[in-house]
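Participant: Based on what follows, work out the 3D shape:
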Amino acid sequence: MKNRHKSLPAIYLGFFLFVALTGCDQIFSRKPKKANSQANIADPVVFSGKTVDGETVKLTDYRGKIVLVDFWATWCGPCVQWFPHSKKLLEKYEGKPFAIVGISIDDSASDLKSFLKRSPHPWKNIHDADQEIASDWDVRAIPGFLLLDEKGVVHKNWIGTSVDPATVDREIDFLLEKIK
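Facilitator: Residues are numbered from 1 along each chain as shown. Next comes the predicted model:
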């Protein structure tokens with residue numbers, strides 16, 4: 001019996017490391033509407049949604065810009081840890097055709113609103129409580145990112161905590177260089 005208890009810390013440590021390395025890994029309960037988002041990769045991403053303040057955000061309003069779409073939730077530690085880098089991206093690319101659009105999958109609009117009041121974001125955040133947008137684009141885990149070119153077509157996508165900020169920066173630089 002004593003030996004069994006000695007292995008519990010190792011089990012807990014293993015579980016913690018798994019969660020930390022794979023991100024929040026929120027598996028969405030909705031079945032994706034698009035059978036394979038990769039098959040539709042050449043089509044511009046189209047969606048709209050409302051912020052917690054009721055403002056409608058349409059991705060088509062961002063045409064002509066490189067857009068980083070960030071799928072996240074307030075309860076997702078790795079998602080929240082990414083925000084300082086997102087703010088740095090906006091500073092780095094200020095005056096250039098670059099934008100960030102957040103898609104929060106939080107269930108509660110009041111939780112999201114409270115979070116955004118405590119931690120303001122200089123980019124729009126759509127509240128996707130029913131995960132319709134995430135499901136439409138086959139985003140099955142968070143944090144999740146789509147990098148869109150100036151036409152709204154997916155250039156790259158990343159899921160989980162393995163997203164390297166330097167790689168994201170290089171891909172944004174590459175796309176911005178193409179549209180000069």
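Participant: From here on, just use CA atoms for contacts and neighbour counts.
Facilitator: Fine.
Participant: secondary structure element for Asp106?
Facilitator: When elements are assigned from DSSP states H and E, Asp106 belongs to no helix and no strand.
Participant: Low-confidence bits of the chain, can you list those?
Facilitator: Filtered on pLDDT under 70, the chain yields the residue ranges 1-41.
Participant: at 50 what do you get?
Facilitator: Scanning the chain for pLDDT under 50 picks out 4-5, 7-22, 25-39.
Participant: what about the strands in it?
Facilitator: With strands called from DSSP state E, the chain shows them at 48-50, 56-58, 66-72, 98-104, 124-127, 144-148, 154-159.
Participant: Need the winner for burial among those strands.
Facilitator: When you average the neighbours per residue for each of those (mean count of other Cα atoms under 10 Å), strand 66-72 leads with a mean of 24.
Participant: partners of that strand in the sheet?
Facilitator: Sheet pairing of strand 66-72 (DSSP bridges) gives strand 98-104 (parallel), strand 144-148 (antiparallel).
Participant: can you redo these as a markdown table with distance to Val46?
Facilitator: Output for the strands paired with strand 66-72, formatted as a markdown table (distance: least, Cα to Cα, whole Å):
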| stretch | distance to Val46 |
| --- | --- |
| strand 98-104 | 13 |
| strand 144-148 | 11 |
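Participant: Any idea which of those gets closest to Gly64?
Facilitator: strand 98-104 (8.8 Å; Cα to Cα).
Participant: quick one: contacts of that closest one?
Facilitator: 62, 65-74, 86, 90, 112, 123-129, 134 (Cα atoms under 8 Å, 6 or more residues apart in numbering).
Participant: show me where the protein has helices.
Facilitator: With DSSP state H as the criterion, the chain has helices at 2-22, 77-92, 109-118, 132-136, 165-178.
Participant: So for the last one, what gets flagged as buried?
Facilitator: Spelled out, it's helix 165-178. For helix 165-178, the neighbour count (16 or more other Cα atoms under 10 Å) marks 168, 172, 175-176 as buried.
Participant: which one of those residues is nearest Val153?
Facilitator: Leu175 (11.4 Å).
Participant: how much space is there between the spatially closest residue to that closest one that is not a sequence neighbour and Phe83?
Facilitator: Among residues not flanking Leu175 along the chain, Asp149 sits closest, at 6.5 Å (Cα to Cα, 6 or more residues apart in numbering). Note on Asp149: its distance to Phe83, by Cα to Cα, to the nearest Å, is 21 Å.
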